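Trainee: structure for this input, please:
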Amino acid sequence: MARAEANLDLAKRQYYPDFVLRADYFNKAALLPEWEVGAGIRVPLYFWRKQTFGVQEAAAAVSEARASRQGASRRCSRDSSTCTRRRRAQTVS
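Mentor: Reported below is the predicted structural model:
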C-alpha cells in the first residue's frame, strides 16, 4: 500500500513545472572550444490530457491496495476466530 501511495504522490507532482539547468562543452578539433549554459522551465499547460489520467490511475491503485489489505485482514480475523473456536471445541470435548 505504501508503494501505491508513493506512486500517487509522484503522479500529483506531474502537475508542477520542471526546472532544467544545463551546461555543455563542445571541443571541435580545429576550432576554439565552446561552452554553453542554459536554464529552462517546462510548464504542463495541458495537464488535463495527461497528468489527470495518471493521478486517477494512481488513486485507483491506492483504492485497490486498501481493499486488498482490508480483505486480507478480514480473512485473517475470520480464520483466526475459526481456529479459536475449533481449539475451544477440542478442549471442551
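Trainee: next up, the contacts around residue 65.
Mentor: 1, 3, 4, 5 (CB atoms under 8 Å, 6 or more residues apart in numbering). Using the backbone N, CA and C atoms, a C-beta is placed for each residue, glycine as well.
Trainee: so the last one touches residue 64, yeah?
Mentor: In other words, residue 5. No. Taking CB atoms under 8 Å as the definition, residue 5 is not a contact partner of residue 64, at 11.9 Å.
Trainee: so which of the two has more stuff around it?
Mentor: Each of residue 5 and residue 64 had its neighbours counted (other CB atoms under 10 Å), and the higher figure belongs to residue 5 (15 against 12).
Trainee: would you say the more buried one is within a helix?
Mentor: Yes. Remark: residue 5 belongs to a helix, assigned using DSSP: H, G, I helix; E, B strand; the rest coil.
Trainee: now it: how far from residue 52?
Mentor: 18 Å (CB to CB, to the nearest Å).
Trainee: coming back round to it: which among the contacts of residue 65 count as buried?
Mentor: residue 4 (16 or more other CB atoms under 10 Å).
Trainee: what is the nearest of the contacts of residue 65 to residue 29?
Mentor: Closest approach to residue 29 among the contacts of residue 65 (CB to CB): residue 3, at 50.0 Å.
Trainee: so the nearest residue to the closest one once chain neighbours are set aside is in which element?
Mentor: Counting by CB to CB, 6 or more residues apart in numbering, residue 65 is the residue found nearest to residue 3 once chain neighbours are left out, at 7.9 Å. For residue 65, the enclosing helix or strand under DSSP states H and E is helix 51-92.
Trainee: and for residue 38?
Mentor: Here residue 38 is assigned to strand 34-42, by DSSP H and E.
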